[in-house]
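>>> Make a model of this:
(chains A, B, C and D)
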4 protein chains.
Amino acid sequence: MNKQIGIIGGDLRIIKLIEILENEGFEVYTYGLENNKFLNSNIVKCNTITELNINCNYIISGMPFSKDGIHIYAPFSNKKVVINDLLQIIENKTLIAGAIKLEIKQNAKKNNITIIDLMDIEELAVLNTIPTVEGAIQIAMQETEITIHNSNCLVLGFGRIGKLLTNALRNLGAHVYCMARKESDLAWIKTYGYNAIHINELEKSLNNKYDIIFNTIPALILDEAKLELIKNKSIIIELASNPGGIDFEKAKQYNIKVVKALGLPGKAAPYTSAKYIKQILDKVIF
Amino acid sequence: MNKQIGIIGGDLRIIKLIEILENEGFEVYTYGLENNKFLNSNIVKCNTITELNINCNYIISGMPFSKDGIHIYAPFSNKKVVINDLLQIIENKTLIAGAIKLEIKQNAKKNNITIIDLMDIEELAVLNTIPTVEGAIQIAMQETEITIHNSNCLVLGFGRIGKLLTNALRNLGAHVYCMARKESDLAWIKTYGYNAIHINELEKSLNNKYDIIFNTIPALILDEAKLELIKNKSIIIELASNPGGIDFEKAKQYNIKVVKALGLPGKAAPYTSAKYIKQILDKVIF
Amino acid sequence: MNKQIGIIGGDLRIIKLIEILENEGFEVYTYGLENNKFLNSNIVKCNTITELNINCNYIISGMPFSKDGIHIYAPFSNKKVVINDLLQIIENKTLIAGAIKLEIKQNAKKNNITIIDLMDIEELAVLNTIPTVEGAIQIAMQETEITIHNSNCLVLGFGRIGKLLTNALRNLGAHVYCMARKESDLAWIKTYGYNAIHINELEKSLNNKYDIIFNTIPALILDEAKLELIKNKSIIIELASNPGGIDFEKAKQYNIKVVKALGLPGKAAPYTSAKYIKQILDKVIF
Amino acid sequence: MNKQIGIIGGDLRIIKLIEILENEGFEVYTYGLENNKFLNSNIVKCNTITELNINCNYIISGMPFSKDGIHIYAPFSNKKVVINDLLQIIENKTLIAGAIKLEIKQNAKKNNITIIDLMDIEELAVLNTIPTVEGAIQIAMQETEITIHNSNCLVLGFGRIGKLLTNALRNLGAHVYCMARKESDLAWIKTYGYNAIHINELEKSLNNKYDIIFNTIPALILDEAKLELIKNKSIIIELASNPGGIDFEKAKQYNIKVVKALGLPGKAAPYTSAKYIKQILDKVIF
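Alright, predicted model coming up:
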């Protein structure tokens, strides 16, 4: 078993992951995390990536790996790590990160780097629905002056997040409505005891009914015609990645509060999210 | 809208379906149901299939359509209706039944019969998990001298039935364990809060632990090596279709009670099951 | 610790209790159980109560202790044990049984017998709601041709059984209505997410609405005026002790199925019920 | 029906109550709310209490009615209303407020004022557990870096809040432990499927086990000896009114985060809380 791990960049989940790795006896070498206050003193802070690379066969970076496509994502650092430079240094090693672009994957291959993209691992995607749903509920609690109990909640979409979110809302006493397109999804929605709304009947169903609307569909669902029917005091929580499912400009005009809630696992429960990553690492590399 | 419906053969669900159709104003023509006591007097009992065929464009038969591949399934009748004869008579009509063999479908096509196989409709399969799960729970209650509350329940498989059954058992206060093979299924099992058991760890997990075991997998899972580890007072409820997942002979030797529970929707809740069929008919033909 | 236990009479729960006591290393002396087939050979079958009394300081009898007030309740025996005779023999000992009449308690005191009436122990009463509720649900499943899922269920009363039954029904997907008299109970009913019905609005609410009605109130609630409003296909499950809450004669006239379900813990889950008794014994005498 | 309502002082719940009253057609006269930004223009802002008193027979004030025992509680006002002065003005009227001290009630009686103390109404106390529990869960979500799902949660006390909080935590996937003193409460805790901890076994149970601890008992439970056993990363949420159940000073020394969470209904869900008050008013005065 390999007990040296390199960490380059990454956000709060990475900090929590380092905590877990240290507790389990790993030697952690870091670069690009110098501004965070959480790290304890046993961690090796490397001055260069080369120094880190000498000590580690496995190198973990952020989720996402990069925001601009050129540098790695390193919010706790002032250093700008150029991806192509990094790939030159860490040849023959294993790089673990999230949402790595195809082009980068191909470049990595040329340097004989083994790439593990955490976003490609379905198990992790499933587990991440847990903090996503709790984060969504936390937002709903913070941003409304009503209880979830006895409220009318609409969930748009019955994918991973929709499945767990409807369950949590019902368990908190909400009246749960869920919109889907496929007949078999609608049958599941009924089977679990929620109110099923076919996408063609969404407009008809909106009329001043819902207190909280959660969107999980990454395609325009709540357009002007539909926003017009949503009651003024409603709140919409956007869980789908950009461009999402809501016409933000129009929502503003209709005075409907929209809260964009992305990256919830890292925000709502960074430690739990880090534990999930550790579970995956245990299976994939350790 | 077509208000004449023909019914040929079928079991208790068909009787309940007739009740529902009548209440909604359909004229129902029947054949092959003469022995049941439930039918009220407004129904037309035809003396021949030809008589029925003259009056109806839509003809509903049993689920399954046939048990022996030659005659239709008609437990409430002494008549033996040969499928090939039936297909000659009802040419150009629509035939709705369940689990129709490919060969029969091809023959029907020659007579220009439109076939709707209810078993091919995923929506119905999803809805049928509801009475299946309630039936399974009813059996567990009847066949044990313990409560489901606080019992250790193992569900083998996390398909349609597994998903809903684990949910129901947990809701009744059981300690729920669920075995699956795929990592993403195991992640879902954890996500819903059940104990996840990888198929490779099933044997290790069995040791005298479970009070009630439900099998939903149509492949041999509980072989002799595993049955040996199951505690004597356990009960196994077999929900998978033949040959199922249990070595019945060995189970007998080890003195473990096995209950075969097939066709539960029609047995546990014939009226609800008939309503589901009616919902499908509403979409497909009416 | 006292390891000799005497058992005189009692029903299936007592048989299961003996099984548990034996497994835990107690020496069990029995009388008045000679007709049951369950007992294994290690148990001492006494020929007289005196023989049993010589060996045991703690004597357990049935729940109820007596049905006629004169003899003990001993359904697995042909012998008629007169209570007053018994009390003469077991003087200075401890007698544990259920629903012991005040007069008997007073007589026992004269013989310096310590009486433990299991029915007076609230903890046991609470635990017994579990098999009672599962038994009620099992009956509802057996006696209807619908699923509990999506059915309209009315629970009359929000005492111990009402609290747990509403919870179980909702968890199985029913639409749950609960009737109570006190405002604070109605507030709790809403708080748990059920539909609250004030007793004064029961009549108005009945109109052909409920599929399954559970009564837990030992006072006439469903009189003729109310039965008239219950839909024909409804089933009423009577969980309250005699005389219960239903006018049985009128129900018959209105063709409404009523199922009397008493003594459910011993019937639905005798082993679990015996375990609860054992838990109480562990605290009270062992 | 009386359509003029006077409002003097009070917090955010009172503002929301005014909103509801206005929507239902009441004429609302206010005093002591001049600093809040929420009130729309139809409301009559009185310059004196006398002006308000002339127009209204029912006068609603805050919950609590007073914080210092001398002035009314009016956080949205710069005015200092002396309670005894108020009672002089509103003689013969009905005063509705919360947690009114006995002495004030007696003084009111002298002026023939009918007092309705909302804190004495059990129905409202029950309903208020809903926003209290949601508020407690919101805090747990905000203040931890883990999910409630799969966390070990301990609830101290099984009164109103304990009952609903355990339910909500379990529904969100926590492992729920609940401490109580009475055997019958412990039986209920088991009956609902939580882990029951007798108060005498609390200390033994604490050892580094719990992630989140909720206290509902207004008596010192978590003293130094117990705090020593709580794991460093735990958070304690104090829901009991002062002095509460935690030794705050010692908790600080042991580096355990304690969050005091009082008045949650008004903070977490002021609109829902106002609706509950309105429901009570509907029964009591309208």
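
>>> Near chain D, which residues of chain A? Just list them.
For chain A, the residues in contact with chain D (Cβ under 8 Å from any Cβ of the partner chain) are A:16, A:130-131, A:134-135, A:137-138, A:141-142, A:144-150, A:168, A:171-173, A:268-272. To be clear about C-beta, it is placed using only N, CA and C from the backbone, and glycine gets the same treatment.

>>> List only buried entries from these.
With neighbours counted by 16 or more other Cβ atoms under 10 Å in any protein chain shown, the residues of chain A next to chain D contain buried members at A:16, A:130-131, A:134-135, A:137-138, A:141, A:144-150, A:168, A:171-173, A:268-272.

>>> From these, list the ones also adjacent to chain B.
A:I130.

>>> Show me the buried ones among the residues of chain A next to chain D that map onto helices.
Counted as lying in helices by DSSP state H, out of these, are A:16, A:130-131, A:134-135, A:137-138, A:141, A:168, A:171, A:268, A:270-272.

>>> Taking those together, which two end up most distant?
A:K16 and A:N171 (26.8 Å; Cβ to Cβ).

>>> Contacts for stretch A:239-255, please.
A:132, A:136, A:156-157, A:161, A:165, A:214-224, A:227-228, A:230, A:232, A:236, A:238, A:258, A:260-262, A:264 (Cβ atoms under 8 Å, 6 or more residues apart in numbering or on different chains).

>>> Next, the distance between the ends of that stretch.
Stretch A:239-255 has an end-to-end distance of 20 Å (Cα to Cα, to the nearest Å).

>>> which residues touch the residue in chain A that chain D sits nearest to?
Closest contact between chain A and chain D, by Cβ to the nearest Cβ, is at A:N171 (3.5 Å). Residues near A:N171 by Cβ under 8 Å, 6+ apart: D:168, D:171-172.

>>> Give the buried subset of the contacts of stretch A:239-255 as a ChimeraX selection command.
Buried residues among those (16+ other Cβ under 10 Å), as a ChimeraX selection:
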select /A:132,136,156,157,161,165,214,215,216,217,218,221,222,227,230,236,238,258,261,264
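
>>> taking the contacts of stretch A:239-255 one by one, which sit in helices?
Of the positions in those, A:132, A:136, A:161, A:165, A:224, A:227, A:264 sit in helices, assigned by DSSP H.

>>> which one among these gets closest to chain C?
Once Cβ to the nearest Cβ is applied, the member of these that ends up nearest chain C is A:L165, at 17.6 Å.

>>> For the stretch 51-200 of chain A, which segments count as strands?
A:58-60, A:94-97, A:114-117, A:152-156, A:175-180, A:195-198 (DSSP state E, counting those that start in this stretch).

>>> In CSV, list those along with mean pLDDT.
Formatted as CSV, those follow (pLDDT from 0 to 100):
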stretch, mean pLDDT
strand A:58-60, 97
strand A:94-97, 97
strand A:114-117, 96
strand A:152-156, 98
strand A:175-180, 98
strand A:195-198, 98
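
>>> how about a markdown table for those strands, with distance to B:K109 added?
Below are these laid out as a markdown table (distance: least, Cβ to Cβ, whole Å):
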| stretch | distance to B:K109 |
| --- | --- |
| strand A:58-60 | 59 |
| strand A:94-97 | 55 |
| strand A:114-117 | 48 |
| strand A:152-156 | 41 |
| strand A:175-180 | 33 |
| strand A:195-198 | 32 |
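
>>> Enumerate the residues of chain A near chain C.
Going by Cβ under 8 Å from any Cβ, the residues of chain A near chain C are A:149-150, A:173, A:190-191, A:193.

>>> Need the residues you listed in a markdown table (columns: pLDDT).
A markdown table is the format used below for the residues of chain A next to chain C (pLDDT from 0 to 100):
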| residue | pLDDT |
| --- | --- |
| A:H149 | 98 |
| A:N150 | 97 |
| A:G173 | 97 |
| A:K190 | 97 |
| A:T191 | 97 |
| A:G193 | 96 |
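
>>> Just give me the neighbour total for A:V259.
14 (other Cβ atoms under 10 Å in any protein chain shown).

>>> Surely it and A:M141 touch.
No - A:V259 lies out of contact with A:M141 (Cβ atoms under 8 Å); the separation is 11.8 Å.

>>> Nearest residue to A:V126 in space, ignoring adjacent ones along the chain?
Once flanking residues are discounted, A:V126 sits nearest to B:A187: 3.8 Å by Cβ to Cβ, 6 or more residues apart in numbering or on different chains.

>>> Quick one, grab the pLDDT at that neighbour.
Note on B:A187: pLDDT of 97.

>>> next one: A:M1
52.

>>> Compute the mean per-residue pLDDT across stretch A:127-140, please.
Here the average pLDDT along stretch A:127-140 is 98.

>>> And the contacts of it?
Taking Cβ under 8 Å, 6+ apart as the rule, stretch A:127-140 contacts A:148, A:153, A:160-161, A:163-165, A:168-169, A:172, A:212, A:214, A:235, A:237, A:239, A:259, A:261, A:264-265, A:267-269, A:272-273, A:276, A:279, B:187, B:190-191, D:138, D:141-142, D:147-150, D:172-173.

>>> Swap in 6 Å and give it another go.
A:160-161, A:164-165, A:168, A:212, A:237, A:239, A:259, A:261, A:264-265, A:268-269, A:272-273, A:276, B:187, B:191, D:141, D:147, D:149 (Cβ atoms under 6 Å, 6 or more residues apart in numbering or on different chains).

>>> Would you list the phi and psi of A:S205?
Dihedral angles phi and psi of A:S205 (degrees, to the nearest 10) take the values phi -80, psi -20.

>>> Bridged to the closest residue to it other than its chain neighbours, which residues?
Spatially, and ignoring its direct neighbours in sequence, A:S205 is nearest to A:I197 (5.1 Å; Cβ to Cβ, 6+ apart). Counting by DSSP bridges, A:I197 forms beta bridges with A:M179.
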